[in-house]
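**Student:** Compute the structure for the input listed below.
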Amino acid sequence: MSKNSQSNLDHSIEKDRIMKNPPVNGTASGTGQEIQLAMRGDTPMVASLVIAERFGKRHADVLRAIETLKKDCSEGFGQRNFASSSYVNEQNKEQPMTLLTKDGFAMLVMGFQGQEATRWKERFIAAFNRMERHILREAKQAEQRGTLEWQSARASGKAIRHQATDTVQQFVQYAKSQGSTHANHYYSNFTRMVNTAFLGEQAARDPHFRDNLDAGQLVILAMGEHVAGLALLEAMAMGLPYKDCFQTAKARATAMATLMNGVGRFPQLAGPAANSPGQLATAV
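**Tutor:** Residues are numbered from 1 along each chain as shown. The predicted model follows:
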């Protein structure tokens, strides 16, 4: 597809919200490997012109195949998954094209054969999947951020984390007084320990994971940090070795996380690490 044709395609369907996916399989942008999807409402769609270009087929043949599909499939499927549109070609003439949903695309390319065709099928499906995940994440985050309850829970969590930081600061000095050579690592280890207990190691590594929690989960996570902090203070007051203090806090957080996961508060986020106290390395 020439740059002029691409520009005309963008212009011709500007009534749709155009979103470009990141290159698939690590291919650099500008190499012709990127896949462009159009948004109609909250539904990602791909233009028949793009399909023809990527699969090396005449656009007229792709349109004929789509019309045959629409005749063979149910009326409801055709209405949901194929939308008539148009683009302006290099001669500045309006030409017909069709926008296809993920299901419509899958139905169309089912008969496309060959190794190269299979690779393009994978890339298109990956692009659709990425876009769908992006839409769901954006919708969930927008809904959560728009609620006073979520905003309040987020603010409360920040306040508790500040308190926890003060507690960890005391613990760092406590560990140093007992000969710890890497006590400063406990600032990050403490936060990671609590997050891993409740969310699992993979989810806890995401710097934006709190955006995917609901208000109740934010409150519980903040409580977990508070409980772990109190355990540190209690253990230091008892004069325990600093490593035992940290393990005491970790055990307290893990016990609470196990209880919360057991009643279904974090089922979609908790991973194998949630109930595995030995998986997190501690400072020495």
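
**Student:** alpha carbons only for contacts and neighbour counts from here, please
**Tutor:** Noted.

**Student:** SS state for residue 157?
**Tutor:** Classification of residue 157 using DSSP: H, G, I helix; E, B strand; the rest coil returns helix.

**Student:** For it, grab the count of nearby residues.
**Tutor:** Here the number of neighbours of residue 157 (other Cα atoms under 10 Å) works out to 21.

**Student:** List the contacts of it.
**Tutor:** Applying Cα atoms under 8 Å, 6 or more residues apart in numbering, we find residue 157 in contact with 218-219, 221-222.

**Student:** got it, and residue 253?
**Tutor:** Residue 253 is in contact with 194, 197, 224-225, 227-228, counting by Cα under 8 Å, 6+ apart.

**Student:** and with 7 Å instead?
**Tutor:** Shown in contact with residue 253 (Cα atoms under 7 Å, 6 or more residues apart in numbering): 194, 197, 224, 227-228.

**Student:** just residue 246 next, same as before
**Tutor:** residue 232.

**Student:** Top of the contacts of residue 253 by number of neighbours, please.
**Tutor:** residue 197 (31 neighbours).

**Student:** what's the distance between it and residue 232?
**Tutor:** Per Cα to Cα, to the nearest Å, residue 197 is found 16 Å from residue 232.

**Student:** how about low-confidence regions in the stretch 151-284 of the chain?
**Tutor:** 204, 262-284 (pLDDT under 70).

**Student:** where exactly do the helices run in it?
**Tutor:** Applying DSSP state H, counting those that start in this stretch to the stretch 151-284 of the chain gives helices spanning 186-199, 201-204, 215-237, 242-262.

**Student:** residues in contact with the closest residue to residue 256 other than its chain neighbours?
**Tutor:** Nearest-residue entry for residue 256: residue 224, 6.9 Å, with adjacent residues in sequence omitted and distances by Cα to Cα, 6 or more residues apart in numbering. Contacts for residue 224 (Cα under 7 Å, 6+ apart) come out as 194, 253, 256.

**Student:** Which of those sits closest to residue 117?
**Tutor:** For the contacts of residue 224, the residue nearest residue 117 by Cα to Cα is residue 194; the value is 46.7 Å.

**Student:** State whether the closest one and residue 223 are indeed in contact, as I suppose.
**Tutor:** No. Counting by Cα atoms under 7 Å, residue 194 stays clear of residue 223, with 10.1 Å between them.

**Student:** What about the residue nearest to residue 248 when sequence neighbours are not counted, how many residues nearby?
**Tutor:** Spatially, and ignoring its direct neighbours in sequence, residue 248 is nearest to residue 231 (6.4 Å; Cα to Cα, 6+ apart). Per other Cα under 10 Å, the neighbour tally for residue 231 reads 21.

**Student:** Residue 221 versus residue 231, what's the distance?
**Tutor:** 15 Å.

**Student:** Likewise for residue 74?
**Tutor:** Distance from residue 74 to residue 221, by Cα to Cα: 49 Å.

**Student:** higher neighbour count, the two?
**Tutor:** Legend: neighbour count by other Cα under 10 Å for residue 74 and residue 221, higher for residue 221 (26 against 10).

**Student:** Could you pull up the residues touching the more buried one?
**Tutor:** Not one residue lies near residue 221 by Cα under 7 Å, 6+ apart.
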